[in-house]
Each structure stands twice: as structure tokens, then as C-alpha cells.
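A.B. asks: structure for the following, please:
(one chain, ligands or ions: 1)
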Amino acid sequence: MAIQLQQVSYTYSERSLWRQTALHGIDFELPQGTMVGIAGATGSGKSTLLQLLNGILRPTQGTVSVLDITLRAGEKAPKLLPLRRRVGLVFQFPEQQMFAETVEKDLCFGPLNFGMSPDEARERACRAMLDMGLDLALLERNPFRLSGGQMRKAAIASVLAADPEIVVLDEPTASLDPVSRKELIGLLTRLCRERGRTVIIVTHRMDELLPYADRWVILDQGRSVFQGSVRELAADPSLLTRCGLAVPDSLRYWRAVADRLGLEDEEPRLTPEGLAELIVSRESGSSGRVGEKGTGHE
Ligand SMILES: Nc1ncnc2c1ncn2[C@@H]1O[C@H](COP(=O)(O)OP(=O)(O)OP(=O)(O)O)[C@@H](O)[C@H]1O
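C.D. replies: As a prediction, the model looks like this:
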């Protein structure tokens, strides 16, 4: 398992009157090479969960195991550099992670810190910039003189430059335009499918990730109330409403078609193309199974 959480709770300011338990008894297992979406209403504990995965926070109860590193509540933490090297975290607010005076220094920081030569680090930085669709001329720029969208892309590039085995992103598409959002989800999907990276994404925009994520974790007031595939989620989307979330359009359309055509056993079609193909194939009298096309998993 790439990640295993056993009965993990996290309480902020544990020893003060203002303590706030953000996560309660979370169990969670994830094999390497999966793409996971985490959703939940505001304050449900999503960011707290992400920060436990790369050791920024340590569990106040339970055990977090990531790759071969284990953090147990109440025990002295092991050295965290190996964990930070292998688990890249993109923060919710990119300005929280950009700190150097140029974008280049920011992007090279991880690779240099993890022992790469300056040439290798620069090559990694350039590749990550290009992957994120950023002009290399921006490498000279102060990160705080970038637009909001450019800064977010640069923050993601700085994590990808270090080539972590697990990439954890807190609302990575916020402040990006629709084309950039689609490109970023495409890039993260390729990172997972072609290079075996585990990609974990917190999102308030479930629609854009639904066709690609292998698994979903839904949090409600610090508790994990759902863990499973999109197929399982599609079987009862009202769970989302009960957690204060809107049911994504693609799931609503799928349910409307599936209920009318009696398609309980079908893999959900979550793109307009996949849904259209299914309806056409039904109308023309074929079986309706159109392979996986249109599910987003092709
Ligand atoms: N530094 C902190 N000190 C005390 N309480 C905190 C701190 N950070 C978060 N919390 C509380 O922990 C709970 C979970 O917060 P968290 O940021 O993990 O939620 P979230 O699901 O990521 O929310 P959002 O979608 O709004 O970003 C909330 O009740 C929040 O007020």
C-alpha cells in the first residue's frame, strides 16, 4: 500500500481550551498508482487530511503510514525529509509555498535539496514549467509578480520538478481558466496512468475529476462517510447532498438516463460524448455496452 491510515484523528491546539478536532478515526488505504478525489463541505477536514500525508501535521491519534514511513501518535517523528521528498504537497493557496526571489530558485529548491546537480535541477525546473504550459521567460520573474493562475501553475511545477512518488494537491484548479483546468487534470491523469504516481486531489469541483478518479473519499464533519469507486458513488448520489455537497451535473445526467433506461449494471458515462454514445446505441438496438469509451477511463 502506498498510504495507510489507521484510526487517525487530528486535533488542533490539543492542549488548549480552543482545541478543534478536525478528523475523527479515519481509516484509509490506497495502492500506489491510483488517482483519488477527496470532497467534502467547507471545514470537513480535507486540508487537514492532506497535511497528514506529508508530515506537516502528525496524527494526534492513530497511525499514518506513507510508503515505508510511519508516523504514530505520541511517538517521536522519524526524519521528515525522506517523506517530503517522496510526497509532494501543493497547498490550497500557492503563495503559502512560493518563497524564493525568482521562480527558477523556487523550482530548483526541491531538486537541489534532494541532492541533484544544478544542471539537473534546472532541467527538471524547465520540464515542469513546460508541462504546466508556462513560458520559460517567467523563470526569471519574482513569484509574487505572477498572476494568480500563473502562480498556481508555478507552485504545482515546483512540486512536480522534484518528481515525487505521491502528489497531493489541495484544490489545484482554483483560479485557473477552463482550458488550463482541463490541461492540468489531463497532466495529472497521465502522471498517474503512465508513470505510476499516486495522485490525490482535494476538489470542490467534482465534475471535472469524476471521469478520471479511480476512487473517492467523502468527508463530513471530520469523518469519512464514503470511500469507493465512482460507480458506487453514482449508485446513490444523495449521499453528497446529505454531506452538504451539490450533486455534480455529470452524475445527475447519468442517473437520469440510467434510471429511465434501467442501466443499473452499467459503468457510469460521465462525459457528454459517452452518454450520447450510450443513448444512440440503445436507440439503434445494440446492447448499449460501448466498451469503456466515454467513462473517462479510456
Ligand atoms: N490551524 C487551525 N487551528 C484550529 N482549527 C483549525 C486550524 N485549521 C483548520 N482548523 C479547523 O479544522 C476543521 C477542518 O479544517 P480544514 O481546513 O481541514 O477543512 P477543509 O475541508 O479543508 O475546508 P475548506 O474546504 O474550507 O478548505 C475546521 O473546523 C477548521 O476550522
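
A.B. asks: please parse the chain into its domains.
C.D. replies: Here the domain parsing of the chain from the TED database is 3-12+20-78+166-247, 98-164.

A.B. asks: I'd like those domains laid out as JSON lines, including distance to the ligand.
C.D. replies: Quick note: C-beta positions are derived from backbone N, CA and C, even for glycine. Formatted as JSON lines, the domains of the chain follow (distance: least, C-beta to the nearest ligand atom, whole Å):
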{"stretch": "domain 3-12+20-78+166-247", "distance to the ligand": "3"}
{"stretch": "domain 98-164", "distance to the ligand": "15"}
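
A.B. asks: in JSON lines, list those domains along with mean neighbour count and mean pLDDT.
C.D. replies: Below are the domains of the chain laid out as JSON lines (neighbours: other C-beta atoms under 10 Å; pLDDT from 0 to 100):
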{"stretch": "domain 3-12+20-78+166-247", "mean neighbour count": "18", "mean pLDDT": "95"}
{"stretch": "domain 98-164", "mean neighbour count": "18", "mean pLDDT": "94"}
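
A.B. asks: packing partners for whichever strand or helix holds Gly274?
C.D. replies: Gly274 belongs to helix 272-283 when assigned by DSSP states H and E. Applying 3 or more C-beta pairs under 8 Å, 6 or more residues apart in numbering; DSSP states H and E, we find helix 272-283 packed against helix 249-261.

A.B. asks: buried residues in the helix it packs on, which are they?
C.D. replies: If you call a residue buried by 16 or more other C-beta atoms under 10 Å, then helix 249-261 has these buried ones: Ser250, Leu251, Tyr253, Trp254, Arg255, Val257, Ala258.

A.B. asks: picking up where we left off before, out of the domains of the chain, which is closest to Arg85?
C.D. replies: Closest to Arg85 of those is domain 98-164 (C-beta to C-beta; 5.0 Å).

A.B. asks: end to end, how far does the closest one reach?
C.D. replies: Taking C-alpha to C-alpha, to the nearest Å, the first and last residues of domain 98-164 lie 18 Å apart.

A.B. asks: helix/strand/coil for Pro59?
C.D. replies: The three-state assignment at Pro59 reads coil, by DSSP: H, G, I helix; E, B strand; the rest coil.

A.B. asks: quick one, what contacts it?
C.D. replies: Leu5, Val8, Ser9, Tyr10, Leu52, Leu71, Arg72, Ala73 (C-beta atoms under 8 Å, 6 or more residues apart in numbering).
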